[in-house]
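Chemist: any chance you could fold what I've pasted below:
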Amino acid sequence: MSTAFEPISGGNYPPSPIAGQCVFNEDTGKPEWYNGQQWIQGDGFGRPAPVQSYNANDIRLKIINETGFNWSSSSLTYWNAKSKYGKVLLCDYYNKMSGQTHYGAWALADVDDNGNLTFQCAGAAKGLSYNNRNAYFAHRSYLMGCDFTPDGKSVLIGAYGDQPNGFSNGGTVSIFDFDDDGNEIHHQVFTGQDSASNTYYGRKAAISRDGLWAVIGRYNNSTTNPPGTSNISSVEFYTRASRTDDFTFYGDAAPTIAPNADANTYLMALDGDNLLFLEDGTLVCASSTSSTNNSSGKNKIHMVKPTTGGAFA
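Modeler: Predicted coordinates:
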């Protein structure tokens, strides 16, 4: 969806502006937005410019204009970007948007050959248990917990510091689905199978190209570890019939990937975007430099694919 800027000239601004309101100043040929105290001028869009030249005000104006999403109270000080499929996902975990309950927001844009951004959809944290920046919804240092489909209609956002059922750092994951016009048609927050403190569910996440499969990493699956072990990760698969349906749990691929895992088997390494769906739906999972099958300190690359009945191959 798109909202046109109200044109103004001769200094005739709206008499009672609200935070986030936008205008196009015909005298300067540039858009402006009201931050609640004063009108702020951007550099102006509609002319070629590389992505890296956009400032925070321009990004904010562009998101508001092209998606209708109010990003007004965010300074974008803590934003970061993830790029693939010719798109870029901008995430800002630190600020609370005007009219929103929780901290954190994201916006997805197409990028042309000249680096120009055209925003497709945007969203903010909602339905989380922990109303704090430390829920780390769309955290800038862990964008491997965020993913999107090639058509940009489904966006997966992790909040590994959320507190489901009161579990500190238990983590949650949110799915946002949109129609062709950028209108949200589905939203779901899920917590995984074994909520517990400090398991960091959602620190890694990936979604299939058709938007019907998701895989979520739980960095420390402490509730189901074998006796005498700790820090064994889980690789939870979820599936659904359509993009307006909720995801349901399919199975945990960790026992297939590492059947003889011992302590400190981190299937989702702390760093790196190492959950990836291939074209045929096969998941590629990279382990960290920890103990896997009693071969301490060695990296392993795993490929696993859901078959039927919760099984994997």
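
Chemist: how close does residue 32 sit to residue 118?
Modeler: 20 Å (CB to CB, to the nearest Å). C-beta coordinates here come from the backbone N, C-alpha and C atoms, glycine included.

Chemist: ok, residue 125 next?
Modeler: Using CB to CB, residue 125 is found at 24 Å from residue 118.

Chemist: do residue 135 as well
Modeler: Distance of residue 135 to residue 118, computed by CB to CB: 29 Å.

Chemist: who has more neighbours, these two?
Modeler: residue 135 (24 against 12; other CB atoms under 10 Å).

Chemist: gap between the more buried one and residue 164?
Modeler: In terms of CB to CB, residue 135 sits 10 Å off from residue 164.

Chemist: so what sits against both of the two?
Modeler: Here residue 135 and residue 164 have residue 129 as joint contacts, going by CB atoms under 8 Å, 6 or more residues apart in numbering.

Chemist: what's the longest helix in this protein?
Modeler: Secondary structure assigned by DSSP state H gives helix 56-67 as the longest helix of the chain.

Chemist: who does that one touch, helix- and strand-wise?
Modeler: If contacts are counted by 3 or more CB pairs under 8 Å, 6 or more residues apart in numbering; DSSP states H and E, helix 56-67 sits against strand 22-25, strand 30-34, strand 103-111, strand 117-124.

Chemist: quick one, which of those is packed in tightest?
Modeler: Mean neighbours per residue, mean count of other CB atoms under 10 Å, is largest over the helices and strands packed on helix 56-67 for strand 103-111, with a mean of 24.

Chemist: in the sheet, which strands lie alongside that strand, parallel or antiparallel?
Modeler: strand 87-96 (antiparallel), strand 117-124 (antiparallel) (DSSP bridges).

Chemist: tell me how many other residues surround residue 11.
Modeler: When neighbours are counted by other CB under 10 Å, residue 11 registers 7.

Chemist: tell me the pLDDT of it.
Modeler: pLDDT for residue 11: 88.

Chemist: next: the one 4 residues further on.
Modeler: Among the per-residue scores, residue 15 shows a pLDDT of 89.

Chemist: how far away is it from residue 158?
Modeler: To residue 158, residue 15 is 43 Å away according to CB to CB.

Chemist: more neighbours: these two, which one.
Modeler: Taking other CB under 10 Å, residue 15 and residue 158 do not tie; residue 158 has more neighbours (28 against 5).

Chemist: beta partners of the more buried one?
Modeler: Listed beta-bridge partners, residue 158: residue 173 (assigned using DSSP bridges).

Chemist: need the contact list for it.
Modeler: 136-139, 142, 145-146, 171-174, 201-205, 216.

Chemist: correct me, but residue 199 touches residue 168?
Modeler: No - the pair residue 199 / residue 168 is not scored as a contact, 9.9 Å apart, by CB atoms under 8 Å.

Chemist: more crowded one of these two?
Modeler: Using other CB under 10 Å, the more surrounded residue of residue 199 and residue 168 is residue 199, with 27 against 14.

Chemist: what's the pLDDT at the more buried one?
Modeler: Predicted confidence (pLDDT) for residue 199: 74.

Chemist: where's it, which helix or strand?
Modeler: Here residue 199 sits in a region with no helix or strand, counting by DSSP states H and E.

Chemist: partner residues bridging residue 237?
Modeler: Beta-bridge partners for residue 237, by DSSP bridges, are residue 215, residue 251.

Chemist: where in the stretch 151-300 of the chain is pLDDT low?
Modeler: 194-195, 220-233, 254-275, 279-281, 284-300 (pLDDT under 70).

Chemist: nice, that's everything, thank you.
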